[in-house]
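J.: here is a sequence with its predicted model. Questions after.
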Amino acid sequence: MRWVTVEHQDILGSWALERIAWASRSDSGRNTWGPFTAIGLIDETQILAAVIYNDFYEVGCSIHIAAVPGRQWMTRALLKAAFTYPFIQLGYQRLTGYVPAKNWEARRLDEHLGFKQEGLLRQMLPDDDVILYGMLRNECRFIKHGQTINTPSARSVSNCGRADIGESAERSLSRGAESHEHLWANGKPNL
């Protein structure tokens, strides 16, 4: 069984960082996301995917997706949670993604999800360019349009780092997590 979770933010963040470290920033010699929020997909034995939100600003944030190879992680529940959180709960207008130009699989994924190519950051990486992708709220097919939980005027941008996902959202995202506490012995996945 697989389920979406917002539990164990640091573990999800570290797991994603190992897979897409180029997107992180250096802080005192170690890589970090800076202030971030994570939504993960797990099963009984492992993390399958993590969606990381960082670089929060008034109308949006950056999004990064790390996953195990294959498509078993792309569930409706994860996609709904991944886009409901920034667009509905936080009331953001846009998401921004960065993908190395040579990473054709990630580019196809972003485009399949509905992101639009908006620019090219030349020589952003030592051996590659980075493509800038964006998605506007009204372009997202994974949310119900017209639904609003929060709006930019109702929240402070300074509260966006490690944003509170809300009690009702957390309950629905972590559905079933209570019965699977054995996966997270000593604060780490028991894999």
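T.: Arrived safely, thanks for sending.

J.: can you check the distance spanned by stretch 32-43, start to finish?
T.: With CA to CA, to the nearest Å as the measure, the first residue of stretch 32-43 is 25 Å from its last.

J.: okay, the residue nearest the centre of the chain: pLDDT?
T.: The residue lying closest to the centre of the chain (CA atoms, centre = their mean) is residue 51, at 2.4 Å. On pLDDT, residue 51 comes in at 97.

J.: now name the helix or strand holding it.
T.: Assigned by DSSP states H and E, residue 51 belongs to strand 47-57.

J.: going by neighbour count, list what's buried in stretch 95-112.
T.: The neighbour-count check on stretch 95-112 (16 or more other CB atoms under 10 Å) flags 95, 96, 97, 98, 99, 100, 103, 106, 107, 109, 110 as buried. All C-beta spots, glycine's among them, are computed from the backbone N, C-alpha and C.

J.: residue 109 should be in a helix, yeah?
T.: Yes. Applying DSSP: H, G, I helix; E, B strand; the rest coil, one finds residue 109 inside a helix.

J.: what's the spacing between it and residue 101?
T.: 14 Å (CB to CB, to the nearest Å).

J.: could you do residue 120 as well?
T.: Applying CB to CB, the value for residue 120 to residue 101 is 7 Å.

J.: which residues do those two both contact?
T.: Residues touching both residue 120 and residue 101 (CB atoms under 8 Å, 6 or more residues apart in numbering): 129, 130, 131.

J.: what is the nearest of these to residue 34?
T.: residue 130 (17.5 Å; CB to CB).

J.: and for the closest one, the neighbour number?
T.: The tally of other residues near residue 130 (other CB atoms under 10 Å) stands at 21.

J.: show me what contacts the closest residue to residue 33 other than its chain neighbours?
T.: Among residues not flanking residue 33 along the chain, residue 54 sits closest, at 4.7 Å (CB to CB, 6 or more residues apart in numbering). By CB under 8 Å, 6+ apart, residue 54 lies in contact with 33, 34, 35, 36, 37, 61, 62, 64, 161.

J.: separate out the buried members of those residues.
T.: If we count by 16+ other CB under 10 Å, those have these buried: 33, 36, 37, 61, 62, 64, 161.

J.: the first one touches residue 20, doesn't it?
T.: No. Assessed by CB atoms under 8 Å, residue 33 is found out of contact with residue 20, at 10.0 Å.

J.: which neighbours do these two share?
T.: residue 64.

J.: helices or strands up against the helix or strand containing residue 37?
T.: Element membership of residue 37, judged by DSSP H and E, is strand 36-42. Counting contacts by 3 or more CB pairs under 8 Å, 6 or more residues apart in numbering; DSSP states H and E, strand 36-42 packs against strand 3-5, helix 9-19, strand 47-57, helix 76-84.
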